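1. Here is a sequence together with a model predicted from it:
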Amino acid sequence: MALQNDLRALRDRPYEILQELERRGRAAAGGRRAVEGAEWVGVAFRLGQEFFLVPRDEMREVMAMPPKLTRIPGARPWILGLCNLRGQLLPVVDLRQFLGSGVTPATRAARVLVVNHREIPVGLLVDEVIGFRRFAEAERATSAPPTLIRCEQFLIGSFRRSGESWPVIGLRKLIEHPSFLQASA
């Protein structure tokens, strides 16, 4: 209650209200500093037991697994089928299965990453989407860490923070790869 009264006392001084809100926000952050300088933003997701990132600009949206998929005769097993996404047909691919790491289970957490590509519309099924992750350019690692899921050829780098490595999968590199484009069985 006292905090609200403090802000009410400043109601005729909007600039000071903003300063007080910023001060309180910094105090609530517990001394953590904001990312300074150039910033990289990606979407974190899980495949099996591993966590990965994809660049935000290479994604269009994240959606739940469509309730109905139309199977495509003669397609590779990792192509789950077609869905209707707001009037546009979208192929849905099981990313784990494409990478040779088993089938993604149909759980409530499973999501489809819709790739932002002008010529190749596709959705990639992953185990779970964690959310946005922001990194300073200083946190960029020069090499990608080894992964259990064999996807090294699609990695475009990684970020390191607090002893954790976050490998970055290049979606354009993945979907433009000849093995991905060879979808017929």
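-> Here it is on my side, so go on.
2. Distance check, the spatially closest residue to E58 that is not a sequence neighbour against T104.
-> In space, and not counting its chain neighbours, E58 is closest to L171: 4.1 Å by C-beta to C-beta, 6 or more residues apart in numbering. (Glycine included, C-beta is placed from N, CA and C.) Shown here: L171 relative to T104, a distance of 17 Å by C-beta to C-beta, to the nearest Å.
3. now do A185
-> On the measure of C-beta to C-beta, A185 and T104 end up 19 Å apart.
4. who's more crowded, those two?
-> T104 (24 against 10; other C-beta atoms under 10 Å).
5. Quick check: the more buried one touching L95?
-> Yes: in this structure T104 lies within contact range of L95 using C-beta atoms under 8 Å: 7.1 Å.
6. quick one, helices of this protein?
-> Under the criterion DSSP state H, the chain contains helices at 2-9, 14-28, 95-98, 171-175, 178-181.
7. Of those helices, which stretch is the most buried?
-> Sort the helices of the chain by mean neighbour count, taking mean count of other C-beta atoms under 10 Å, and helix 95-98 sits at the top with a mean of 21.
8. quick one: average confidence on that helix?
-> Average pLDDT, helix 95-98: 96.
9. which strands and helices sit next to it?
-> Applying 3 or more C-beta pairs under 8 Å, 6 or more residues apart in numbering; DSSP states H and E, we find helix 95-98 packed against strand 123-126.
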